[in-house]
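Asks: give me coordinates for this.
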Amino acid sequence: MFCFGFIVYGYVVNNIIKVILWAKTLKDQYRAEIIIMDKFMKNLKVKKEIQEEIRDYIEYLHMD
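Replies: Residues are numbered from 1 along each chain as shown. Below you'll find the model as predicted:
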């Protein structure tokens with residue numbers, strides 16, 4: 001019974017760590033997209049209002 005409990009505990013901890021790493025990866029991906037889009041929009045001299053709308057849309061896409 002002790003071994004079974006130890007295995008289940010390890011499985012649960014492993015899944016929690018996977019979820020945390022997955023969330024961090026999504027957050028890093030979001031930040032990278034924002035940085036790329038900011039640089040791209042500055043090079044094209046896009047108006048600030050449109051830049052904000054694009055950032056909002058990217059944020060919306062990453063809300064899943």
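
Asks: hey, where'd the helices end up in this structure?
Replies: With helices called from DSSP state H, the chain shows them at 2-44, 48-61.

Asks: could you dump those to JSON lines with mean neighbour count and mean pLDDT?
Replies: (Glycine included, C-beta is placed from N, CA and C.) Written out in JSON lines, the entries for the helices of the chain read as follows (neighbours: other C-beta atoms under 10 Å; pLDDT from 0 to 100):
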{"stretch": "helix 2-44", "mean neighbour count": "11", "mean pLDDT": "92"}
{"stretch": "helix 48-61", "mean neighbour count": "12", "mean pLDDT": "90"}
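
Asks: gap between the closest residue to R55 other than its chain neighbours and F40?
Replies: Nearest residue to R55 in three dimensions, chain neighbours excluded: I34, at 6.3 Å (C-beta to C-beta, 6 or more residues apart in numbering). Applying C-beta to C-beta, to the nearest Å, the value for I34 to F40 is 11 Å.

Asks: same deal with E53?
Replies: Taking C-beta to C-beta as the measure, E53 and F40 are separated by 14 Å.

Asks: next: I50.
Replies: Summarising the geometry, the distance separating I50 from F40, computed by C-beta to C-beta, is 12 Å.

Asks: do N15 as well
Replies: Using C-beta to C-beta, one gets 37 Å for the distance from N15 to F40.

Asks: E33 too?
Replies: Summarising the geometry, the distance separating E33 from F40, computed by C-beta to C-beta, is 10 Å.
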